[in-house]
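Engineer: Need coordinates for the following:
(one chain, ligands or ions: 1)
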Amino acid sequence: MNEENHFILQNQEFPPGSSGLVRLQAGKLPSGNRISIFAYVFRSKNPGPTALFLGGMHGDEINGVEIIRRCISENYFTNLNCGNVIAIPLLNIFGFINFSRDVPDGKDVNRSFPGSMSGSLASRMARLITKKILPLVDFGVDFHTGGEALWNFPQLRFTPKHQEAKDLALKTNYEVVIEKAVVSKSLRKVARTMQIPILVFEGGESLRLEPFVVQKGQQIIRNLLINYNMITAPKPTAVISKIFRKTDWERAPESGMITYSRQAGSYVKEGEVLAVISDPFAQREVRMYASRAGFIIGNNNASVVNIGDGMFHIAYDDYKFVNSIRSK
Ligand SMILES: [Zn+2]
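Structural biologist: Numbering: from 1, shown residues only. A predicted model of the protein is given here:
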């Protein structure tokens with residue numbers, strides 16, 4: 001898409017072989033502090049695809065921030081054979097310093113796409129990504145985590161009926177892939193309308209850095225760069241990816257204190273005990289059973305739960321896909 005010489009971001013031109021940091025002004029806080037998006041650009045001397053790696057769209061989802069920060073500091077992008085990388089480690093700086101998912105006006109950037117420059121701060125941030133970044137991008141990964149008490153096993157999600165997104169997911173050589181409908185007004189939705197494959201990575205929970213999750217995220221970025229011949233390294237081992245087409249929540253059958261028997265990252269059979277919920281007065285214990293077989297992709301971490309709370313996120317209806325590593 002972006003051939004040889006013209007790579008312009010925020011009026012700053014990046015010739016082949018150059019790199020740099022661009023600040024995109026999104027708005028101002030009531031205190032007068034400016035809120036910017038910091039985007040790193042890395043260009044190879046040779047033409048090729050442009051990849052976007054984006055973290056911290058939700059400011060408290062710090063595993064994604066760390067994944068991209070490490071890739072930058074470990075020089076993943078500094079000597080590309082071909083193509084370009086745009087790396088945005090932390091989109092929502094306000095959320096990050098405020099330990100919050102949202103921007104100051106309480107809005108969610110990932111529910112504000114395609115956005116507007118006359119809208120709220122969330123909407124402006126979304127607009128900058130839509131208008132300034134996406135037109136330069138051929139593919140990307142948007143890094144997220146679960147919520148405050150929701151732990152996600154590291155997984156990739158792609159948009160149904162978007163073949164390029166599925167191909168991209170398989171190029172990561174990652175084992176746990178979920179076909180998941182796009183959320184309205186999300187980055188993935190607007191990228192779909194622009195025919196740009198964007199994967200969503202989900203791993204761990206908010207406000208917690210986890211080496212295991214960070215390592216998986218880095219591995220995904222590295223495998224993509226290798227499989228697009230953007231960096232030279234031994235081809236990653238072919239793996240059997242499982243693509244799950246459906247997911248469902250197992251909900252708490254009772255309120256009380258919960259003892260978990262299972263956690264995300266493993267298979268469960270129908271009828272297996274997932275957890276035991278007890279009342280504080282030693283009157284009752286209720287077992288929670290799996291209503292279907294599947295792979296647990298996320299689990300609640302709460303110790304006290306209410307009836308109906310989503311406890312286990314189970315993926316099912318899967319098919320296997322052996323990654324064939326294509327080289328040029
Ligand atoms: Zn998120």
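Engineer: so what's the nearest residue to residue 301 once chain neighbours are set aside up against?
Structural biologist: In this structure, residue 301 finds its nearest non-sequential neighbour in residue 149, 4.4 Å apart by C-beta to C-beta, 6 or more residues apart in numbering. Quick note: C-beta positions are derived from backbone N, CA and C, even for glycine. For residue 149, the contacting residues are 205, 300, 301, 302, by C-beta atoms under 8 Å, 6 or more residues apart in numbering.
Engineer: if we go to 7 Å?
Structural biologist: 300, 301, 302 (C-beta atoms under 7 Å, 6 or more residues apart in numbering).
Engineer: Put together CSV for those residues, with distance to residue 139, pLDDT and neighbour count on each row.
Structural biologist: Below are the contacts of residue 149 laid out as CSV (distance: C-beta to C-beta, whole Å; pLDDT from 0 to 100; neighbours: other C-beta atoms under 10 Å):
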residue, distance to residue 139, pLDDT, neighbour count
300, 32, 96, 26
301, 32, 92, 18
302, 36, 94, 16
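Engineer: So which of those is the closest to residue 62?
Structural biologist: Of all these, the one with the least separation from residue 62 (C-beta to C-beta) is residue 301, at 15.9 Å.
Engineer: how much space between the closest one and residue 256?
Structural biologist: Between residue 301 and residue 256 the computed distance is 16 Å (C-beta to C-beta, to the nearest Å).
Engineer: Ok, residue 81 next?
Structural biologist: 57 Å.
Engineer: which of these two has more neighbours?
Structural biologist: Neighbours were counted for residue 81 and for residue 256 using other C-beta atoms under 10 Å; residue 256 has more, 20 against 14.
Engineer: Residue 66 sits in which helix or strand?
Structural biologist: helix 62-73 (DSSP states H and E).
Engineer: close to the ion, is that helix?
Structural biologist: No. If you take C-beta under 5 Å from the ion as the test, helix 62-73 misses the ion, and the best it gets is 7.9 Å.
Engineer: So for the helix or strand following that helix, mean pLDDT?
Structural biologist: Past helix 62-73, further along toward the C-terminus, the next helix or strand under DSSP H and E is strand 84-88. Strand 84-88 carries an average pLDDT of 98.
Engineer: Who does strand 84-88 pair with, and is each partner parallel or antiparallel?
Structural biologist: strand 34-43 (antiparallel), strand 50-55 (parallel) (DSSP bridges).
Engineer: For the ion, which of the ones you listed is the nearest?
Structural biologist: Among the strands paired with strand 84-88, the nearest to the ion by C-beta to the ion is strand 50-55 (9.8 Å).
Engineer: how does the chain divide into domains?
Structural biologist: 8-239, 246-322 (automatic domain parsing).
Engineer: most neighbours per residue, which of those domains?
Structural biologist: domain 8-239 (a mean of 19; mean count of other C-beta atoms under 10 Å).
Engineer: Quick check: residue 131 is in a helix.
Structural biologist: Yes. Counting by DSSP: H, G, I helix; E, B strand; the rest coil, residue 131 is part of a helix.
Engineer: Next one: it from residue 71, what distance?
Structural biologist: In terms of C-beta to C-beta, residue 131 sits 25 Å off from residue 71.
Engineer: Would you agree residue 274 falls within a strand?
Structural biologist: Yes. Counting by three-state DSSP, one finds residue 274 located in a strand.
Engineer: Need the three-state assignment for the residue of the chain most remote from its centre.
Structural biologist: The C-alpha centroid of the chain is most remote from residue 283, which lies 42.5 Å away (C-alpha atoms, centre = their mean). Under the three-state scheme (three-state DSSP), residue 283 adopts coil.
Engineer: what does the longest helix that the chain contains rub up against?
Structural biologist: Using DSSP state H, we find that the single longest helix of the chain is helix 211-227. Helix 211-227 is contacted by residues 51, 53, 63-64, 66-67, 70-71, 76, 141, 143, 154, 171-174, 201, 203-204, 231, 233, 235-236, 325 when judged by C-beta under 7 Å, 6+ apart.
Engineer: continuing past it, what's the next helix or strand?
Structural biologist: strand 240-251.
Engineer: The ion contacts on this structure?
Structural biologist: Residues of the chain lying near the ion (C-beta under 5 Å from the ion): 58, 61, 144.
Engineer: Turn those into CSV, including pLDDT.
Structural biologist: Converted to CSV, the residues of the chain next to the ion look like this (pLDDT from 0 to 100):
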residue, pLDDT
58, 96
61, 97
144, 98
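Engineer: hang on, residue 205 packs against residue 154?
Structural biologist: No. Counting by C-beta atoms under 7 Å, residue 205 does not reach residue 154; the two are 11.6 Å apart.
Engineer: sorry, back to before: tell me the confidence at the residue farthest from the centre of the chain?
Structural biologist: 96.
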